[in-house]
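Chemist: Sequence first, predicted model second:
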Amino acid sequence: MKNQDTMQDKEQMKSLEDIFEAKIARDEKIEPKDWMPEKYRKTHIRQISQHAHSEIVGMLPEGNWISRAPSLRRKVALLAKVQDEAGHGLYLYSACETLGISREELYDQLHSGKAKYSSIFNYPTLTWADIGAIGWLVDGAAIINQVPLCSTSFGPYARAMVRVCKEESFHQRQGYEIMMTLCNGTQEQKDMAQDALDRWWWPALMMLGPTDDESTHTEQSMKWKLKRKTNDELRQQFIDQTVPQADILGLKVPDEDLQYNTETGHYDFGEIDWEEFWQVVKGHGMCNKERISARKNAWDEGEWVRDAALAYADKQADKEVKEAV
Ligand SMILES: [Fe+2]
Ligand SMILES: [Fe+2]
């Protein structure tokens, strides 16, 4: 009897898996209440939460410059951008919660170091030109990464990405405009822009992830249409798109091996220092400790706000019950 039960369970599981796979093949969305393999759920929690953490940690290096922006117009634009990143974090945490994990657990994973976020945010913002370079390069790389995610298979993630991508385009443009203004300014301003490009170029390339042969998750993620392009394809696309923009600015990309290849129609580029990438991922970047402690403080100092909001919600619920009686 037991054997028969197990057989039935197996058959049932197989047909659920078939329905799931067929949906993915037809490019239909998987929704939170649909059956999904446990590995699909876990992989999505990992990727969406990593993305959400990157959005809110990404607020820190730029938030650092809000009070020092050189004009009211720049301050307003930067403030709006940093607020957008908070919004992206909130959409993505909400999308992640639909997979059965709580916001508290997600924050806990970030604070304990169990969950990762984009390594680029562990670099410091030393001058105002860094704000231009981040918008241009970091948000630029984020767009390349995220546009394919608008058609990813998990519904809540795909829908969140549509709005996120629209806002990222604004971020990229405001960054490029800062660079353009600096490059049309004094020699000192142009030098500042070049210095920012020198420091942010390589970390921006690393942001698109390890090379395909080193990336452990790529194959499965491509199969589930969680990922639609490989890291190397995305990196090449970013380079091909960004080098001509540097030319317009009159800046030099800090790579001696960079050269347009007429045969392939793409830019060939130099060796990326992956050792630096892994050091930063492992927590040894310049600002890893500072970023995590800023996030922890925000969580601890916000406790009274969360408590007050819950107490208010309870009071309102009580009032509604009394009024109903
Ligand atoms: Fe964002
Ligand atoms: Fe952004």
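Modeler: Ah, there it is. Ligands and ions are numbered 1, 2, ... in the order given.

Chemist: Low-confidence bits of this structure, can you list those?
Modeler: 1-5 (pLDDT under 70).

Chemist: longest helix in it, by residue count?
Modeler: For the chain, the longest helix by residue count, based on DSSP state H, is helix 155-183.

Chemist: quick one: is stretch 131-147 near ligand 2?
Modeler: Yes: against ligand 2, stretch 131-147 shows contacts by C-beta under 5 Å from the ion at Asp139. The C-beta positions use only the backbone N, C-alpha and C, and glycine is treated the same way.

Chemist: Ends of that stretch, what's the gap?
Modeler: In stretch 131-147, first residue to last residue: 22 Å (C-alpha to C-alpha, to the nearest Å).

Chemist: Walking through the stretch 101-250 of the chain, point out its strands one by one.
Modeler: Remark: strands of the stretch 101-250 of the chain are absent; assignment by DSSP state E, counting those that start in this stretch.

Chemist: Nearest to ligand 2: which residue in it?
Modeler: Going by C-beta to the ion, ligand 2 is nearest to His171 of the stretch 101-250 of the chain, at 3.8 Å.

Chemist: Look up phi and psi at Asn261.
Modeler: Dihedral angles of Asn261 (phi, psi; degrees, to the nearest 10) stand at phi -100, psi 110.

Chemist: by contact count, what packs against the longest helix of the chain?
Modeler: helix 72-97, helix 128-133, helix 139-146, helix 187-206, helix 231-249 (3 or more C-beta pairs under 8 Å, 6 or more residues apart in numbering; DSSP states H and E).

Chemist: Figure out how far the second one is from the centre of its chain.
Modeler: The chain centroid and the centroid of helix 128-133 are separated by 19 Å under C-alpha atoms, centre = their mean, to the nearest Å.

Chemist: Next: the first one.
Modeler: The gap between the average C-alpha position of helix 72-97 and the chain average comes to 12 Å, counting by C-alpha atoms, centre = their mean.

Chemist: Now look at it and say if it contacts ligand 1.
Modeler: Yes: under the criterion of C-beta under 5 Å from the ion, ligand 1 is reached by helix 72-97 at Glu85, His88.

Chemist: Just the buried positions in that helix, please.
Modeler: Across helix 72-97, burial judged by 16 or more other C-beta atoms under 10 Å covers 74, 77-78, 81-82, 84-85, 88-89, 91-93, 95-97.

Chemist: sorry, back to before: from the chain's centre, how far out does the longest helix of the chain sit?
Modeler: 12 Å.

Chemist: One more: stretch 307-325?
Modeler: With C-alpha atoms, centre = their mean as the basis, stretch 307-325 stands 37 Å off its chain's centre.

Chemist: now could you export just the CA positions of that stretch as PDB?
Modeler: Taking C-alpha atoms only, stretch 307-325 is exported to PDB below (Å, rounded to 0.1, in the frame of the first residue of the first chain):
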ATOM      1  CA  ASP A 307       6.400  49.300  16.500                       C
ATOM      2  CA  ALA A 308       4.300  52.500  16.300                       C
ATOM      3  CA  ALA A 309       2.900  51.500  12.900                       C
ATOM      4  CA  LEU A 310       1.900  48.100  14.200                       C
ATOM      5  CA  ALA A 311       0.400  49.500  17.300                       C
ATOM      6  CA  TYR A 312      -1.600  52.000  15.200                       C
ATOM      7  CA  ALA A 313      -2.800  49.200  12.900                       C
ATOM      8  CA  ASP A 314      -3.900  47.100  15.900                       C
ATOM      9  CA  LYS A 315      -5.800  50.100  17.300                       C
ATOM     10  CA  GLN A 316      -7.600  50.700  14.000                       C
ATOM     11  CA  ALA A 317      -8.500  47.000  13.700                       C
ATOM     12  CA  ASP A 318     -10.000  47.100  17.300                       C
ATOM     13  CA  LYS A 319     -11.900  50.200  16.500                       C
ATOM     14  CA  GLU A 320     -13.400  48.600  13.400                       C
ATOM     15  CA  VAL A 321     -14.400  45.500  15.300                       C
ATOM     16  CA  LYS A 322     -16.100  47.600  18.000                       C
ATOM     17  CA  GLU A 323     -17.900  49.700  15.400                       C
ATOM     18  CA  ALA A 324     -19.100  46.500  13.600                       C
ATOM     19  CA  VAL A 325     -20.600  45.200  17.000                       C
END
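
Chemist: Just say helix, strand or coil for Tyr267.
Modeler: Put simply, Tyr267 is strand when judged by DSSP: H, G, I helix; E, B strand; the rest coil.

Chemist: wait, what's in contact with it?
Modeler: For Tyr267, the contact set (C-beta atoms under 8 Å, 6 or more residues apart in numbering) comprises Gln236, Ile239, Asp240, Val243, Leu258, Gln259, Tyr260, Asn261.
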